[in-house]
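1. quick check, what structure comes out for this input:
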Amino acid sequence: MNRHLRRLGAACLLATGLAHADGIEVNQVGFTPGAAKWAAVPDTAARGFKLVRAGTDEVVLRGVLGASARWAPADRVVRLADFSALKTPGDYELVVDGLPRSPRIHIAADAYAELSAAALKAYYFNRASAPLWGVNAGRWARRAGHADDHVLVHASAAGPGRPEGTVISAPKGWYDAGDYNKYIVNSGITVYTLLAAWEHYPGVFKAQHLNIPETGNGLPDVLNEAMWNLEWMLAMQDPADGGVYHKLTNKGFDGVVMPADARGERYVVQKSTAAALDFAAVMAQASRVFAAFKGQRPGLSARMLSASQRAWDWAQAHPNEVYKQPPDIRTGGYGDDKLDDEFAWAGVELWSATGDKRFRPDLAKLAISVPGWGDVKGLAWVTLGQHLEQLSQNDSVVVKARIVELADELAANWRASDYGVGMQSRDYVWGSNAVVLNQALMLIQAYRLQPKPERLAAAQALFDHVLGRNPLGQSMVTGFGAKPPLHPHHRPSEADGVEPPVPGFLVGGPNPGRQDQKGCPAYPSAQPAMAYLDNFCSYASNEIAINWNAPLVYVSAALQALTPKPHP
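-> Just a heads-up that it's a prediction; the model follows:
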C-alpha cells in the first residue's frame, strides 16, 4: 500500500484539473507479466505507440494503434494500444507522438497484492463497535462508535417474545457504506463474495497479513474480517422464531461526524423474507467454510448451519414478507419484492452444506445473471460451479453450460467494444463500478470451468476500467493509482481531519442518474461513462459500500492467482 499512498501528492495536483479526457488512459495500479494489457488513446494522427522505461527514452516495445472508433457510453473517439507482449517486470510509460506520456505502467508478479489487501482491510476501517488503534489503523485511528449493545426493537419488528421497545444487543458488523447503519441484505452478497474468494483462492489469502487485531490467531485474515460481520448477523436473528431483522439503524442518517460522535438511538427494524434468505445462504456457506477451523472456533460451524436452517424455515412460513420502510425510518431501504432468486440461492447453499435434496432448486427453471444485492441468483451458480463434485453428471453439464453462456455474452460485448471493455451504456447505474467487477467475476467463473484466454482477458479489461482505463483517466479506488478519488462520500474520511481518505475503498462510479445533483456542483459530463464527481456531496457517484468492495477483493485475488505466468 505504501507505494501507492506516496503517489497521493501527485494525485492532488491532477485532481484539480478537468476530467482526464485528452490523455492516454491505462490501468494505473499494474499488471501481472502474463496479463492482457491495453491502453486507450485519444484519436490521433499517429500510427503507432512505443513503451519506454519510466523516466527515460529507452524503447522496450513498439506497436501499431488500432483503428479510430467512437465509444458510445462516453461519446468519444479512441484508438486502442495492445501491449500484451510486454511481460518483463518493471515500470514503463506508453508514448504516442503529440500526446503526454501515459501514467506509469507497473508490471510485477505480485501487481495486485497490495490492492487486494487494502480492499479487504477497508472493511476493518468500517468496523462498528470497536476503536481502531494506531498500531493497526495508522493515521486513520479513531475512537469506537456504536457499541450497539442497547438496541431497541422497533414497532415493525415486534413479536411475542420481543415486544416494541425490548432492548437487545447486536454489536460488531460493518458500517454499510458512507453512513453508519448496518443492513442484512447488503451484508449477504458482501460476505458471500469474500468467503467465495477464500474458497476459490486460499493461497492468495494465506499469504495476506492485514495487520488487524486478530492477525496471527490461526485464521486467515479474510475469515477474521468476515467474522466481524458474521457475528453481528447472528445477533440479528430472533431466537424465538428464527426470523431475521432487516437492518439495524438510526431513524435518520447521521451528520458528517466521526462514529464516536454519532449518538442517535438505534433500532432493529422489521423481519423480512429477503433478510432471512440472505442470512440463510451466507450462514450455510460460512458453516461449510468454518468446518475446516473447528480447532480455532469450536462449535461455530454447527451453530451457523442451525441458524441457517431456522432462517430458511421462517422464510418458508413467511414467503412474502417484503420490507416496507416504516414512516419514521428514513435510512437505506434495500427493499426487494422479487424473492425467487433469494429462495434459489439459499436453497443451493443449504443443499451444498447438507446434501439434503429438499433444499435443491429446480436448475432448469433457475436463470443466471450478473449478481447484485437485489438479484442474487448468479451467486447460486457460482456455488454450483465450485462444487461440481456434489452434482449428478446431468446437473454438472447444465451448470457449466449456463455459466459459460453468460460469460460468452459478456465476452462478446468485450470483443465488440470500441473501447475494449464490455460495459454498455445501460450498465452505468448507481454503483456502476460494482457492475463492472461483478461482470468480471462471472467471466472468471467460466474461465475456472473452461480456461479460454479471452474470458480472462475480458475480465482483465473490466478490472482495468476501475483502475484508470476509463474516459475520466481516474482510478476508482482510494489511495491507488496516479489519480485516485480524494473526496469519497464516506463520513469517517470526511470528518477525521486526515487529508487522504481511508485507502482501499472502491467508489460507486459514473452514474448518469445523478440523483444528488441538486446538492452538488455540476457533474463534468452527463455521458453514461463520464457522469462522475469526486466530491463528498456526490453520494450517487462517489459513495463507498461494502458490497462494492467485495468483488474488488475477489477479482484482484482471482487475476493474481489465475493469470498464466509467461514461459521463461
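
2. so in this structure, which helix runs the longest?
-> Secondary structure of the chain read by DSSP state H shows that its longest helix is helix 393-416.

3. tell me the helix or strand right after it.
-> Past helix 393-416, heading to the C-terminal end, the next element that is a helix or strand (DSSP states H and E) is helix 432-449.

4. does anything pack onto that following helix? Which helices or strands?
-> With contacts defined as 3 or more CB pairs under 8 Å, 6 or more residues apart in numbering; DSSP states H and E, the secondary structure elements packing on helix 432-449 are helix 377-386, helix 393-416, helix 453-466, helix 546-562. For glycine as for every other residue, the C-beta is placed from the backbone atoms N, C-alpha and C.

5. can you tell which of those is closest to residue 190?
-> helix 546-562 (4.5 Å; CB to CB).

6. between that closest one and helix 377-386, how many degrees?
-> With axes from the mean of the first three to the mean of the last three CA atoms, to 10 degrees defining the directions, helix 546-562 sits at 30 degrees from helix 377-386.

7. now do the buried residues in helix 546-562.
-> Buried residues in helix 546-562, defined by neighbour count with 16 or more other CB atoms under 10 Å: 546-562.

8. now stretch 196-214: average pLDDT?
-> The average pLDDT within stretch 196-214 is 97.

9. buried residues in that stretch, which are they?
-> Neighbour-count burial for stretch 196-214, with 16+ other CB under 10 Å as criterion, is recorded at 196-201, 204-205, 208, 210, 212-214.

10. by how many degrees do the longest helix of the chain and helix 432-449 diverge?
-> Regarding helix 393-416 and helix 432-449, their directions subtend 130 degrees when assessed with the same axes, to 10 degrees.

11. what packs against helix 393-416?
-> Secondary structure elements in contact with helix 393-416, counted by 3+ CB pairs under 8 Å, 6+ apart, are helix 377-386, helix 432-449, helix 453-466.

12. which of those helices sits closest to residue 325?
-> Evaluated with CB to CB, the helices and strands packed on helix 393-416 place helix 432-449 nearest to residue 325, the distance being 22.9 Å.

13. where does pLDDT dip in the stretch 1-150 of the chain?
-> Applying pLDDT under 70 to the stretch 1-150 of the chain picks out residues 1-21.

14. would you list every one of the helices in it?
-> All helices of the stretch 1-150 of the chain, identified by DSSP state H, counting those that start in this stretch, fall at 2-5, 8-15, 113-125, 134-137.

15. kindly check the end-to-end length of stretch 294-303 for me.
-> Distances were taken as CA to CA, to the nearest Å; on that basis the terminal residues of stretch 294-303 are 12 Å apart.

16. and stretch 361-378, by the same measure?
-> Taking CA to CA, the span from the opening residue of stretch 361-378 to its closing residue is 13 Å.

17. tell me the mean pLDDT for it?
-> Mean pLDDT, stretch 361-378: 97.

18. name the residues of the longest helix of the chain that are buried.
-> In helix 393-416, counting by 16+ other CB under 10 Å, buried: 396, 398-400, 402-404, 406-408, 410-411, 413-414.

19. ok, those residues vs residue 520, which is closest?
-> Of the buried residues of helix 393-416, the one sitting nearest to residue 520 (CB to CB) turns out to be residue 413, at 30.8 Å.

20. okay but residue 563 is in contact with residue 84, surely?
-> No - contact between residue 563 and residue 84 fails when scored by CB atoms under 8 Å: they sit 11.3 Å apart.

21. any shared contact partners between the two?
-> Among the neighbours of residue 563, those also in contact with residue 84 (CB atoms under 8 Å, 6 or more residues apart in numbering) are residue 35.

22. more crowded one of these two?
-> Between residue 563 and residue 84, counted using other CB atoms under 10 Å, the more crowded position is residue 563 (21 against 15).

23. gap between that one and residue 410?
-> Remark: distance between residue 563 and residue 410 (CB to CB, to the nearest Å) = 18 Å.

24. please apply the same query to residue 131.
-> When distances are taken as CB to CB, residue 131 and residue 410 turn out to be 43 Å apart.

25. ok, residue 226 next?
-> Residue 226 is 27 Å from residue 410, where distance means CB to CB.

26. now the end-to-end length of stretch 155-174.
-> Terminal residues of stretch 155-174 are spaced 24 Å apart (CA to CA).

27. quick check: mean pLDDT of that stretch?
-> Stretch 155-174 comes out with an average pLDDT of 97.

28. ok, stretch 321-330 next?
-> Per-residue pLDDT values over stretch 321-330 give a mean of 98.

29. touching that stretch from outside, list them.
-> Looking at stretch 321-330 with CB under 8 Å, 6+ apart, the contacting residues turn out to be 154-156, 185, 246, 249, 251-253, 267, 269-276, 333-337, 339.

30. which parts of the stretch 101-250 of the chain are strands?
-> Listed in chain order, the strands of the stretch 101-250 of the chain (DSSP state E, counting those that start in this stretch) span residues 105-107, 151-153, 167-168, 182-183, 245-249.

31. the longest one packs against which elements?
-> So the one you mean is strand 245-249. Applying 3+ CB pairs under 8 Å, 6+ apart, we find strand 245-249 packed against strand 182-183, helix 184-200, strand 267-271, helix 273-290.

32. export these to TSV and tack on distance to residue 50?
-> Converted to TSV, the helices and strands packed on strand 245-249 look like this (distance: least, CB to CB, whole Å):
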stretch	distance to residue 50
strand 182-183	50
helix 184-200	37
strand 267-271	59
helix 273-290	48
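
33. out of the ones you listed, the one nearest residue 482 is which?
-> Residue 482 lies closest to helix 184-200 among these, at 26.8 Å (CB to CB).

34. tell me the angle that closest one makes with helix 273-290.
-> Counting by the same axes, to 10 degrees, helix 184-200 lies at 20 degrees to helix 273-290.

35. quick one: helix 184-200 to chain centroid distance?
-> Distance of helix 184-200 from its chain centroid, counting by CA atoms, centre = their mean, to the nearest Å, is 10 Å.

36. again with stretch 238-248
-> Counting by CA atoms, centre = their mean, stretch 238-248 is centred 26 Å from the centre of its parent chain.

37. ok, and what's touching that stretch?
-> With CB under 8 Å, 6+ apart as the test, stretch 238-248 has contacts from 148, 151, 157, 159-162, 170, 173, 181-185, 232-233, 236-237, 266-272, 274-276, 279, 307, 310-311, 313-314, 318, 323, 331-332, 334.

38. repeat the analysis, applying 6 Å as the threshold.
-> Residues from elsewhere that reach stretch 238-248, judged by CB atoms under 6 Å, 6 or more residues apart in numbering: 157, 161, 170, 182-184, 236-237, 268-272, 275-276, 279, 310-311, 313-314, 323.

39. cool, stretch 288-306 as well?
-> Applying CB under 6 Å, 6+ apart, the set of residues contacting stretch 288-306 from outside is 195, 218, 219, 283, 286, 287, 353.

40. can you point out the buried residues in that stretch?
-> Neighbour counts using 16+ other CB under 10 Å place 288, 289, 290, 297, 300, 301, 303, 304, 305 of stretch 288-306 among the buried residues.

41. next: stretch 58-66.
-> 61, 63, 65, 66.

42. for the second one, give me its contacts.
-> Neighbour list for residue 63: residue 49 [criterion: CB under 6 Å, 6+ apart].

43. quick one: it from residue 49, how far?
-> Computed with CB to CB, the distance linking residue 63 and residue 49 is 5 Å.

44. what about residue 526, how many residues nearby?
-> Neighbour count of residue 526, defined by other CB under 10 Å: 12.
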